[in-house]
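*Asks:* with the input below, show me the fold.
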Amino acid sequence: MDEKPLVTIIIPFLNAEKFFEEAVEGVLAQTYTEWELILVDDGSTDNSTQIALEYKNKYPDKISYLQHNQHMNRGISASRNLGIKHAKGKYLAMLDADDRWVENKLEQQVEIMEAYPDAGMVYGKTKYWYSWTQKHTDSTRDHIIDLNSSLDYLYKPPKLLTRVLESITIPPPISNVMFKRGTVQHVGGFEEKFSEMYDSQTLPAKLFINSDTFIADCCWVSKRQYQDENHKSEPKDNQGIEKELDYLRWLKSFISEKEQNDQYLDKVLRDRIWRLENPSLYKLHEYNRKYIGTIKKTLKPIVRRVIPISIRHYLLAKLRGALYRPPLGWVHFGELRRLKPISSEWGEDRGLPIDRYYIESFLAKNMSDIRGNVVEVGGDYYTTKFGSAHIVNRDIICLEKGEIPRTTIAADLTNAPHIPSESFDCIIITQTLQLIYDVHSVIDTLHRILKPGGVVLATVSGISQTTDDEPWDRNWCWGFTSLSARKLFEEKFPAENLEVTGYGNVLVAASFLYGLAKEDLTKEELDFYDSRYEITISVRAIKPV
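*Replies:* Residues are numbered from 1 along each chain as shown. Okay, here's the model as predicted:
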């Protein structure tokens, strides 16, 4: 980065004297120094106004102080918008006056935003911080919230908004986010009608609809938790339901005004509003669903006693499809009678992609191999997730250094003489070989740069959707089988040093092609293997000593 872009940090505050200085000191401690800090007073009556003015006077070139007309209390959304109005930075970062950043928060987020110019915002994981009280009962309560989303990944709109509305993931705490100022101004900033509940959700929701979003595998903020805060799902009272309905109706209106045409998002939003507007009907629907299950359990032993076993087996086969082949024209496709897949993104917008279930199972099984000098192709997600304390050094290989944040080696694996031979104890290369035409040269490179006794952990694609998205549409060359993967690696690795495993069956393969997710299938269905329908193949290859 030749010229570092300016970041505007906005801290709105209202009677925040208790933790205010700690929040500001966290900004001053940032390793990234190209920033300005705007302290927005929302009508404080305690000592926090004086604290803000003292910081402004001490750092006049870096820190400024704003307040509403006549020192009014306008609410946190209006205070954030006031800060945005006076911001000069290319990027915006919000910080609540009682939260705390890690020192490299700005540095890493700017690096990501510069690497992904289409992203309107970036955020990562959040630590829910209880131990600040220094009470013994809170000392073990700190935890990082699982986002239940792919990390180090750029999401296209409106995928994340749909996942939030389906309660698959959670919206980011505002202290975690870095925004692109131009994008924020384009969508109109925060909605000032929401000054308490949902005040922090309106701007991320707008950007989920209007721009790409990057979720990083980093924890940048400690969000202070208080004794009366509980983040488990609990029934809302009538006031809470009305506030959520106000937010959802505003969101529906905003989407309509922007003429966003995403049928699935519209359906999810309508369903959520309907459930809140018709709680009695929704409870009746859920009761009927459970009641039918109870009837089935009651009838099952009666059926076993009354109907002969041969007829039962025939009926079960007909119901479940086991061995029974329906006559021509009798097949019921249901939701699968369609010419377009349910998801064109391998099911990632529904849950965990099916192939990733097998990839992660393979890496979890062989996590002891991820040690010493480790290099991963295309990121370090799996190195971080499955690597042990025995990792000495980690590297990331990408075609270009700016392609993925924290890339250390820029290389085309078909021709990479600049990577020293026998450098790595473990190489992780997942779902990459199908994108490279000259796979034989890649295997040569992997073998050359691997230390004697080192391990390659690789996965390749079998039966799969491809894509029409750049750049994959120009590079997707191959679909593998266990046999072809074995023969490819046997060109450089002894057969006895190879473990090749296929995954899939006809149900899994069909589900994967339709874009269903791991959550759509049972574990028994996922773990059943039929060599004729492999969707993923894993290879564990050891270089002889």
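
*Asks:* isn't V110 right next to G89, touching?
*Replies:* No - between V110 and G89 there is no contact under Cβ atoms under 8 Å: 10.1 Å. For the C-beta atoms, the positions are set from N, CA and C on the backbone; glycine is no exception.

*Asks:* neighbour-wise, which of the two wins?
*Replies:* Taking other Cβ atoms under 10 Å, V110 and G89 do not tie; V110 has more neighbours (23 against 19).

*Asks:* got the phi/psi numbers for that one?
*Replies:* phi -60, psi -40 (degrees, to the nearest 10).

*Asks:* per-domain residue ranges of this protein.
*Replies:* For the chain, automatic domain parsing gives the domain ranges 7-231, 280-320, 354-542.

*Asks:* what are the phi and psi angles of the most centrally placed residue in the chain?
*Replies:* For the chain, the residue nearest the mean C-alpha position is S149 (2.7 Å; Cα atoms, centre = their mean). S149 adopts backbone torsions of phi -140, psi 160, taken as degrees, to the nearest 10.

*Asks:* just the one 5 residues further on next, same as before
*Replies:* Main-chain dihedrals, L154, degrees, to the nearest 10: phi -100, psi 120.

*Asks:* the chain should start at 55 in everything you say after this.
*Replies:* Let's use 55 as the start, then, which means that last one is L208.

*Asks:* returning to what we had before: what touches both of V164 and G143?
*Replies:* Residues touching both V164 and G143 by Cβ atoms under 8 Å, 6 or more residues apart in numbering: P59, V61.

*Asks:* distance to S307 and mean pLDDT for the domains of the chain - can I get that in TSV?
*Replies:* Putting the domains of the chain into TSV (distance: least, Cβ to Cβ, whole Å; pLDDT from 0 to 100) gives the following:
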stretch	distance to S307	mean pLDDT
domain 61-285	11	93
domain 334-374	23	68
domain 408-596	30	93
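
*Asks:* distance to L319 added to those domains, as JSON lines?
*Replies:* Converted to JSON lines, the domains of the chain look like this (distance: least, Cβ to Cβ, whole Å):
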{"stretch": "domain 61-285", "distance to L319": "5"}
{"stretch": "domain 334-374", "distance to L319": "20"}
{"stretch": "domain 408-596", "distance to L319": "16"}
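
*Asks:* which one, of those domains, ends up nearest to K321?
*Replies:* Between K321 and the domains of the chain, the tightest spacing by Cβ to Cβ is seen for domain 61-285, at 9.4 Å.

*Asks:* report the distance from that closest one to the chain centre.
*Replies:* Centroid separation between domain 61-285 and its chain, computed with Cα atoms, centre = their mean, to the nearest Å, is 19 Å.

*Asks:* show me where the stretch 455-599 of the chain has strands.
*Replies:* Ranges of strands in the stretch 455-599 of the chain, per DSSP state E, counting those that start in this stretch, are 463-464, 478-484, 504-515, 552-557, 590-596.

*Asks:* need the winner for burial among the ones you listed.
*Replies:* Among the strands of the stretch 455-599 of the chain, strand 478-484 has the highest mean neighbour count (mean count of other Cβ atoms under 10 Å), at a mean of 25.

*Asks:* list of residues touching that one?
*Replies:* 413, 417, 423-432, 436-437, 449, 500, 503-505, 507-513.

*Asks:* let's see it at 7 Å
*Replies:* For strand 478-484, the external contacting residues (Cβ atoms under 7 Å, 6 or more residues apart in numbering) are 413, 423-431, 436-437, 500, 503-505, 508-513.

*Asks:* tell me where the stretch 155-304 of the chain has strands.
*Replies:* Secondary structure of the stretch 155-304 of the chain (DSSP E, counting those that start in this stretch): strands at 173-183, 197-198, 207-209, 232-234, 266-278.

*Asks:* out of those strands, flag the one nearest K572.
*Replies:* Nearest of the strands of the stretch 155-304 of the chain (Cβ to Cβ): strand 207-209, 16.4 Å.

*Asks:* and stretch 184-196, end to end?
*Replies:* Chord length of stretch 184-196, first to last residue, is 5 Å (Cα to Cα, to the nearest Å).

*Asks:* for it, list every residue counted as buried.
*Replies:* Neighbour counts over stretch 184-196 (16 or more other Cβ atoms under 10 Å) mark Y184, S185, W186 as buried.

*Asks:* could these be laid out in a markdown table, adding distance to Q317?
*Replies:* Converted to a markdown table, the buried residues of stretch 184-196 look like this (distance: Cβ to Cβ, whole Å):
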| residue | distance to Q317 |
| --- | --- |
| Y184 | 42 |
| S185 | 45 |
| W186 | 45 |
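
*Asks:* the strands of the stretch 455-599 of the chain: which one's closest to L120?
*Replies:* With respect to L120, and counting by Cβ to Cβ, the nearest of the strands of the stretch 455-599 of the chain is strand 463-464 at 43.7 Å.

*Asks:* what is that closest one packed up against?
*Replies:* The helices and strands touching strand 463-464, judged by 3 or more Cβ pairs under 7 Å, 6 or more residues apart in numbering; DSSP states H and E, are strand 445-452.

*Asks:* got the angle for the strand it packs on vs strand 478-484?
*Replies:* 40 degrees (axes from the mean of the first three to the mean of the last three Cα atoms, to 10 degrees).

*Asks:* now do strand 445-452: distance to the chain's middle.
*Replies:* Its chain's C-alpha centre and that of strand 445-452 lie 22 Å apart, by Cα atoms, centre = their mean.

*Asks:* who touches the residue nearest to K144 when sequence neighbours are not counted in this structure?
*Replies:* Sequence neighbours aside, P59 is the residue nearest to K144 in space, at 4.0 Å (criterion: Cβ to Cβ, 6 or more residues apart in numbering). Listed by Cβ under 7 Å, 6+ apart, the contact set of P59 reads E88, K144, Y145, V164.

*Asks:* most neighbours, which of the residues you listed?
*Replies:* Neighbours here mean other Cβ under 10 Å. Within the contacts of P59, the largest count is held by Y145, at 26 neighbours.

*Asks:* OK, contacts around it?
*Replies:* By Cβ under 7 Å, 6+ apart, the contact list for Y145 reads P59, V61, V164, M167, M232, F233, K234, R235.
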